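Enquirer: Need coordinates for the following:
(one chain, ligands or ions: 3)
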Amino acid sequence: MIDQNNSIRQHGRIKQQQQGFTAVRIRTIAGNMTSDQLRKIADLSDRYGQGQLHITTRQSVEIHWVRENQLETIFQEIQDFGLLLAVRGPRIMTVIACPGITLCKRGIGNTVMLATQLNDCIVGREMPGKTKIAVSGCPSSCAKPQINDIGLHGVMIPAIADGCIGCNSCAQNCKVEAIKVRELIPCIDKDKCVGCGVCVKNCPKQALIAKRQGYAVYVGGKIGKKPMLGIKIFSIIPEQEAISFIQAILEAYSRLSVKGERIGTVINRIGLVNFQEEILKQNFSKENNTLGLS
Ligand code: SF4
Ligand code: SF4
Ligand code: SF4
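Expert: Ligands and ions are numbered 1, 2, ... in the order given. The predicted structure follows:
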């Protein structure tokens, strides 16, 4: 049997305003589910609820109108089928992610892999306050990393190589007009470039290449009664080190938070530079400090 009290307290139970009824929230990983999983959830909704489901803004699925006295049984069925309850309270919540390179032609980062790893290693961990993480595959930021406590988006910094034929495809595809081609030489305005990598992907001659590729990292974003946009704390970190950076941010947050402050409130109190220094002194060597720090 599952630990019912633990599950009810920590996970997928959201009391409805209607007396005696509860919504049960099931998390996805990067918004993905199999058709079997969706059929099972539909079946649970038919048997325990009223056949009504709701897709949440954080990529979970809610079954509404579950009677509170049936929670233990439905939680057991959810667990037996291998579905995951969502997370509530002062913990690391469900990680949301766009498809990234698994589907999207603009994808730079493997968002689904990162969301899966984060789901396995940190989702549900107790924290000083609610901690939301979102991962987007490119600067278009479809998973809205800037309104999460920790947000990442893929980034690709272009560099100029040989072989330009002057087709102008790079300039035509750059939405922020950061690249111009003159006499078979592409010129990139680094102040305008957002690192979307579209010029690199569209160059037919590999005259533009990826100089660096990874994730930009934001901290301190949130919605709620006092919304805050996250601040870019690292311009680019290697994709394979994303989990280490996230762990280091979480450790710094745990140490510095007072009375359940969320990350943005901690940063407002101590300053971004101090928060960044706290992160870097934990797990990273000096050579990591050459990463693109904002
Ligand atoms: S953020 Fe980028 S990679 Fe992700 S879905 Fe949007 S456009 Fe595609
Ligand atoms: S990486 Fe994106 S923003 Fe930068 S120059 Fe290329 S197309 Fe423009
Ligand atoms: S897309 Fe490539 S080949 Fe075409 S103008 Fe740009 S750099 Fe040159």
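
Enquirer: residue ranges of the helices in the stretch 1-150 of the chain, please?
Expert: For the stretch 1-150 of the chain, helices defined by DSSP state H, counting those that start in this stretch occupy the ranges 4-10, 35-48, 71-80, 111-121.

Enquirer: can you check the stretch 151-294 of the chain too?
Expert: Going by DSSP H, counting those that start in this stretch, the stretch 151-294 of the chain shows helices at 169-173, 198-202, 242-256, 263-270, 272-283.

Enquirer: among those, which is nearest ligand 3?
Expert: Nearest to ligand 3, of all these, is helix 169-173, at 3.3 Å by Cβ to the nearest ligand atom. C-beta here means a position set from N, CA and C on the backbone, and glycine is covered the same way.

Enquirer: Put the alpha carbons of stretch 64-71 into PDB.
Expert: Output of stretch 64-71 as PDB, limited to C-alpha atoms (Å, rounded to 0.1, in the frame of the first residue of the first chain):
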ATOM      1  CA  HIS A  64     -12.200  16.400 -11.100                       C
ATOM      2  CA  TRP A  65     -15.000  15.400  -8.900                       C
ATOM      3  CA  VAL A  66     -13.300  12.600  -7.000                       C
ATOM      4  CA  ARG A  67     -14.900  11.800  -3.700                       C
ATOM      5  CA  GLU A  68     -12.500  12.300  -0.800                       C
ATOM      6  CA  ASN A  69     -13.400   8.900   0.700                       C
ATOM      7  CA  GLN A  70     -12.100   7.300  -2.600                       C
ATOM      8  CA  LEU A  71      -8.700   9.000  -2.600                       C
END
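
Enquirer: hmm, back to that, okay if I get the helices of the stretch 151-294 of the chain as CSV plus mean pLDDT and distance to ligand 1?
Expert: Listed next are the helices of the stretch 151-294 of the chain as CSV, based on pLDDT from 0 to 100; distance: least, Cβ to the nearest ligand atom, whole Å:
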stretch, mean pLDDT, distance to ligand 1
helix 169-173, 97, 14
helix 198-202, 97, 10
helix 242-256, 96, 15
helix 263-270, 97, 22
helix 272-283, 88, 24
